[in-house]
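[1] Have a look at this prediction, sequence included:
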Amino acid sequence: MPLRPFTFAAYYPEQKVSDRPVLVTGAAGFAGSHLLDLLIRDGRPIVGWYRPGSDEPRTARDGVTWRAVELLDGKAVQRALADMSPSALYHLAGAAHQASSWQESDTALALNVRATHHLLEVLRRRSPGTRVLVTGSAAVYRPAAVPLEEDAPLAPTSPYGLSKLAQELLALRAAHDDKLEVIVTRSFNHIGPGQSPQYFASSFALQLARIEAGLEAPVISVGNLEPQRDLTDVRDTVQAYKRLMAHGRPGTTYNVCSGHAYAIGDVLGELRRHATREIEVRVDTTRLRPTDQALLVGNPARLTTDTGWRPEIPLSQTLADLLAWHRARLTQ
């Protein structure tokens with residue numbers, strides 16, 4: 001029996017809260033788009049920022065005001081915040097692709113560190129009462145063979161991880177020294193419909209969809225299938241962000257993860273079970289990373305204790321929805 005697409009309506013009741021706007025940076029991105037889908041159910045005004053020169057958001061959403069803001073320009077950030085005092089700021093903008101950070105380390109550092117500094121500095125001077133969620137990354141941790149807790153050693157192994165650690169330290173300093181209400185996530189891998197094919201699960205799903213449509217030969221190219229990753233549906237991830245905004249402790253880091261590790265090869269196997277054609281798997285050496293951590297899995301106990309959050313969507317549903325999303329895009 002085919003799985004039905006997941007919808008928020010079955011899980012989260014609508015709520016009515018104050019009229020002060022909520023600001024989301026990176027609102028047109030993967031997690032940002034799903035966060036908007038969740039937040040608009042509350043009925044409060046939302047301002048979504050996206051980067052000038054990037055594609056304008058293609059999906060109109062009631063209650064969302066879009067604005068192009070260059071976060072690397074401190075004066076532009078100051079101007080954009082001059083006429084608003086958001087009740088909450090979800091900072092999702094930034095460089096997010098670990099593999100490309102080896103070739104684009106300057107970009108990763110600028111987008112993740114300097115942009116965050118500009119935001120926090122303007123908030124410190126103009127809107128110190130704004131509650132802030134900075135979405136960090138599990139890439140800050142030293143590789144380990146056990147589920148990682150928030151007090152585990154920090155030792156990034158990539159330029160991306162280094163940039164996210166610097167971002168995290170900026171945010172925690174703002175919380176401790178400037179008394180801003182800043183909460184920091186250490187988000188593990190999140191996947192689902194809307195994800196760029198730069199990432200392994202979406203890359204597999206897109207290749208499968210193209211093969212099914214007769215656009216490619218029945219051969220799928222892969223990198224290393226042995227690493228194990230903690231995977232969470234992006235729709236569960238943004239629910240965690242929302243709960244942290246409401247219940248998280250300022251100056252605190254939180255793992256956002258499922259607590260379960262899945263081999264990349266098993267993800268491909270699950271997607272192949274949803275496919276309508278038999279497919280050959282070939283290793284493509286260009287998809288191999290300079291470093292490939294064998295295991296990355298987190299412990300979400302702190303998040304669950306403080307917010308009550310637990311992941312709701314099973315991996316099989318996530319992958320079915322991801323494949324369905326790529327199939328639908330190919331027919332548009």
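    Nice, I can see it. Numbers count the residues shown, from 1 in each chain.
[2] Name the spans of the protein whose pLDDT lies under the cut-off.
    For the chain, applying pLDDT under 70 flags the ranges 1-18, 55-61, 96-104, 289-291.
[3] which residues in it form helices?
    30-39, 74-81, 105-109, 115-126, 159-177, 200-212, 234-247, 264-274, 301-307, 315-330 (DSSP state H).
[4] I'd like the ones you listed written out as JSON lines, with mean neighbour count added.
    (C-beta placed from N, C-alpha, C; glycine too.) JSON lines is the format used below for the helices of the chain (neighbours: other C-beta atoms under 10 Å):
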{"stretch": "helix 30-39", "mean neighbour count": "22"}
{"stretch": "helix 74-81", "mean neighbour count": "16"}
{"stretch": "helix 105-109", "mean neighbour count": "18"}
{"stretch": "helix 115-126", "mean neighbour count": "20"}
{"stretch": "helix 159-177", "mean neighbour count": "21"}
{"stretch": "helix 200-212", "mean neighbour count": "23"}
{"stretch": "helix 234-247", "mean neighbour count": "22"}
{"stretch": "helix 264-274", "mean neighbour count": "17"}
{"stretch": "helix 301-307", "mean neighbour count": "17"}
{"stretch": "helix 315-330", "mean neighbour count": "19"}
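[5] Quickly note the distance from residue 205 to residue 264.
    13 Å (C-beta to C-beta, to the nearest Å).
[6] One more: residue 130?
    39 Å.
[7] Residue 93 too?
    27 Å.
[8] same thing with residue 298?
    17 Å.
[9] Give me the neighbour count for residue 224.
    14 (other C-beta atoms under 10 Å).
[10] Touching, it and residue 292? I think so.
    Yes - between residue 224 and residue 292 there is a contact under C-beta atoms under 8 Å: 5.1 Å.
[11] so residue 327 makes contact with residue 212?
    Yes - the pair residue 327 and residue 212 passes the contact test of C-beta under 8 Å, sitting 7.0 Å apart.
[12] tell me the contacts of residue 34?
    192, 194, 234, 235, 237, 238 (C-beta atoms under 8 Å, 6 or more residues apart in numbering).
[13] ah, wrong one, I meant residue 154
    By C-beta under 8 Å, 6+ apart, the neighbours of residue 154 are 140, 141, 142, 165.
[14] so what's the third one closest to, chain neighbours aside?
    Computed as C-beta to C-beta, 6 or more residues apart in numbering, the closest residue to residue 142 that is not its neighbour in sequence is residue 155, at 3.6 Å.
[15] For residue 147, which non-adjacent residue is closest in space?
    residue 299 (4.4 Å).
[16] ditto for residue 311
    Using C-beta to C-beta, 6+ apart, the closest residue to residue 311 is residue 236 (4.4 Å).
[17] Residue 131 now?
    residue 181 is the one closest to residue 131 (C-beta to C-beta, 6+ apart), at 4.4 Å.
[18] Test my guess that the one you found contacts residue 130.
    Yes - Residue 181 lies in contact with residue 130 (C-beta under 8 Å); the separation is 7.3 Å.
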